[in-house]
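>>> pasting the sequence and the predicted model now:
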Amino acid sequence: MSEFVKQTNNPNEKEWINWLDEAIKNEHIKYYDYEHFSKIRTIGSGAYSDVYRAKWKNTEKVFALKAFKNKERKDITLKEIIHEFKLLRKVDFHENIIRFLGISNRNEGKNNIDNYLISM
């Protein structure tokens, strides 16, 4: 169980964090260490999320990282991440849709839900 689950009093938030922790533990979701990304720059921003371009260190592989915005209700942010993950898994076969690769946490020292990113 993540330290963040122990710190929160919101039952919905705990449920979503536990779901995410289990999915990573059981390798249903690949976890990417944020420290292995380099040359991170913003490529888009909207009402609900920011999108960044990043290179995987020591390679030419390029990722898109999507961070959701929702400072007031962190349980909704995590719910949005999981919902998007499930949608991307359903359409993973189509060539015109960016593939979901995994999830990252841009500040692993702090168990803050706002730091989770979808890796594509």
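Yep, it's here.

>>> so for stretch 63-83, what's the average pLDDT?
For stretch 63-83, the mean pLDDT works out to 72.

>>> all helices of the chain, in order?
3-7, 11-25, 74-90 (DSSP state H).

>>> what's the second one packed up against?
Helices and strands touching helix 11-25, by 3 or more Cβ pairs under 8 Å, 6 or more residues apart in numbering; DSSP states H and E, are helix 3-7, helix 74-90. C-beta coordinates here come from the backbone N, C-alpha and C atoms, glycine included.

>>> pretty sure A67 is touching D50, no?
Yes - checked against Cβ atoms under 8 Å, the pair A67 and D50 is within contact range at 4.9 Å.

>>> neighbour count: those two, which is higher?
A67 (19 against 15; other Cβ atoms under 10 Å).

>>> could you check how far the more buried one is from R106?
7 Å (Cβ to Cβ, to the nearest Å).

>>> in the chain, what helix or strand scores lowest on average pLDDT?
helix 3-7 (a mean of 40; mean pLDDT, DSSP states H and E).

>>> can you report how many residues lie near N26?
8.

>>> correction: the previous question concerned W56.
15.

>>> who's it bridged to?
F37 (DSSP bridges).

>>> surely I82 touches L20?
Yes - the criterion here is Cβ under 8 Å, and I82 meets it with L20 at 6.5 Å.

>>> so where's this protein shaky on pLDDT?
Applying pLDDT under 70 to the chain picks out residues 1-13, 70-78, 92, 108-116, 118, 120.

>>> 50 - rerun?
1-9, 109-111 (pLDDT under 50).

>>> do you know how far the residue nearest the centre of it is from S38?
Nearest to the mean C-alpha position of the chain, by Cα atoms, centre = their mean, lies L117 at 2.8 Å. The span separating L117 from S38 equals 15 Å under the rule Cβ to Cβ.

>>> now K90
31 Å.

>>> buried set for stretch 60-73?
Across stretch 60-73, burial judged by 16 or more other Cβ atoms under 10 Å covers 63-68, 70.

>>> please compute how far that stretch lies from its chain's middle.
6 Å (Cα atoms, centre = their mean, to the nearest Å).
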